[in-house]
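Peer 1: I would like to see how this sequence folds:
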Amino acid sequence: MYKSIIRPFLFKINPEKVHDMTFGGLKIYKHIMPMRSMIKHETKSKHSFILKEIPLRSRVGLAAGFDKGAEVFDELADFGFGFIEVGTVTPSPQSGNPKPRIFRLEKDESLISRTGFNNPGVEAIKERISKYPNRRYRLGVNINRDPSSTETEAIVSDFTKVFKELYEYTDYFTINWGSVDAKTFEAVLKSLTNIRQEMEVSKKIIIKLPADIEEETLLNVIVLAREYQADGFIATGPTMDRSNLLCLSKKESEKIGIGGVSGKGIGYKSKDVVKFLGENVKGEFIIIGAGGIMCVQDALDMINYGADLLEIYSAFIFEGPKIVEEINDALANI
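Peer 2: Next comes the predicted model:
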C-alpha cells in the first residue's frame, strides 16, 4: 500500500514538507493508544540480540538525521527499531543551511542533502529525551560543535558541553569523523573519554565514518579508537561521489549543487568499509552497517561483511515502515 498509493502522493510534495507532515502525523498517532499497541505487536522483532552484554530487541536502528530535534523518536521506535539515533545536536540552536536543501531522486532511490546542523540545541534536546527514561529501545545522540566554533579549544568545549548535558539521558554518543580536522577530532575523543571515566555508568562512544574514507585514513582512525577506547564504528555516512546516480543528468546535478548522497546512490562504498572493518577489527569494536541499505538483501550483505547492527534512513523513506519488519524477519532466519 505504501509504495503503490502513499508514496506516489508524498513524492509529489517537497521532501521537507513531507517530513513535517510525517512528524505531525506521528505526534497525533502518539495519543492513539490502540493503534500504537497494534503496530508494536505487528512489528515486534522475532530476533532479539545481545551485543557485548547489551540486550537489543532488534538489530535494526534508525540513523541520525531523520529525527534531528528528538521530536518523535519514541513513536518511531514502534515500527520495530532496536535503537534510534537523534541529532545532530549542537550546544546552541541552529537553523541549518538555506532551503531547498534536500533533493529526492526517485529513479535513483537516493537523496542529496545539505541540511547542516539544524536542531533546537542541547537544552531543548535534553528536555525532550529526559521524558522517556524507561525505553524499550536504545537511544543514541549524534553530537557536534556550533558552526561558529572554529578553534580547537572552542570545538572541544562544544562537544564536551553536549556530552555532559545529555550523558544521563542517552545510551550512546556518535561523533562524525571528518566534521572537524584530524588533530581536533583526537582532542575531542580524548576529552570525551576522560569525562566518561569519571562517570558511574560508561556510555558508548561510536565513530561515524564517511563513505569516501580511504583505507590508510581508516587505519589511522582505528588506531585512535583503540587508544581512546571508542566502542565502535558506523559505516557509513553519505558520499560526495555521484557516479552511482545513473538517472541524474549532469545538468540536474549542477542545478542541485553541493550535497551528500545517501540511499542506493552510495553504491558499495559503505559495504566496502564494513568489509574492511570486519576483516580488521571484528569482535574488537561494534560495527554498525549503514548507508545504501535499501532492501533485505542489502541488510544481509552488511551482516555477512561483518556488521553487528544495521542503521537505515533512506529505505524508511523509499520503502516505507514495513522495511524494518522485513529486515528483522530476515535476520531472524539466519
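Peer 1: and for the helix or strand bottoming out on mean pLDDT in the chain, what's in contact with it?
Peer 2: Sorting the helices and strands of the chain by mean pLDDT, DSSP states H and E puts strand 49-51 at the bottom, at a mean of 79. When contacts are defined by CB atoms under 8 Å, 6 or more residues apart in numbering, strand 49-51 is touched by residues Pro55, Leu56, Arg57, Ser58, Arg59, Gly82, Ile286, Asp308, Leu309. Heads up, the C-betas are built off the backbone N, CA and C, glycines and all.
Peer 1: out of those residues, which are inside strands?
Peer 2: Cross-referencing the contacts of strand 49-51 against strands under DSSP state E gives Pro55, Leu56, Ile286, Leu309.
Peer 1: got a quick ChimeraX command for the buried subset of those?
Peer 2: Entered in ChimeraX, the line below selects the buried ones among the ones in strands among the contacts of strand 49-51, by 16 or more other CB atoms under 10 Å:
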select :56,286,309
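Peer 1: closest to Gly116 out of the ones in strands among the contacts of strand 49-51?
Peer 2: Nearest to Gly116 out of these is Leu309 (CB to CB; 26.9 Å).
Peer 1: the residue nearest to the closest one when sequence neighbours are not counted - how many residues pack around it?
Peer 2: Excluding the flanking residues, the one nearest Leu309 by CB to CB, 6 or more residues apart in numbering is Ile288, at 4.6 Å. By other CB atoms under 10 Å, the residues close to Ile288 number 28.
Peer 1: Ile288 belongs to a helix?
Peer 2: No: Ile288 is assigned strand when assessed by DSSP: H, G, I helix; E, B strand; the rest coil, not a helix.
Peer 1: so who does it touch?
Peer 2: Counted by CB under 8 Å, 6+ apart, Ile288 has contacts Gly61, Ile206, Gly232, Phe233, Ile234, Ala235, Ala307, Asp308, Leu309, Leu310, Glu311.
Peer 1: likewise for Gly263?
Peer 2: Taking CB under 8 Å, 6+ apart, we find Gly263 in contact with Leu105, Asp108, Glu109, Ser110, Leu111, Gly292, Met294, Tyr313, Ser314, Ala315, Phe318.
Peer 1: average model confidence for the helix or strand encompassing Met302?
Peer 2: Per DSSP states H and E: Met302 is located in helix 296-305. The average pLDDT for helix 296-305 rounds to 97.
Peer 1: do stretch 262-277 as well
Peer 2: The average pLDDT for stretch 262-277 rounds to 97.
Peer 1: how long is it end to end?
Peer 2: 20 Å (CA to CA, to the nearest Å).
Peer 1: give the buried residues for it.
Peer 2: The neighbour-count check on stretch 262-277 (16+ other CB under 10 Å) flags 262-267, 269-277 as buried.
Peer 1: next up, phi/psi of Phe103, please.
Peer 2: Main-chain dihedrals, Phe103, degrees, to the nearest 10: phi -130, psi 120.
Peer 1: surely it is in contact with Thr115?
Peer 2: No: with contact defined as CB atoms under 8 Å, Phe103 does not count as touching Thr115 (11.0 Å).
Peer 1: need the strands for the protein, in chain order.
Peer 2: Ranges of strands in the chain, per DSSP E, are 49-51, 54-56, 60-62, 83-89, 102-105, 110-113, 138-143, 172-176, 204-209, 232-235, 260-263, 286-290, 309-312.
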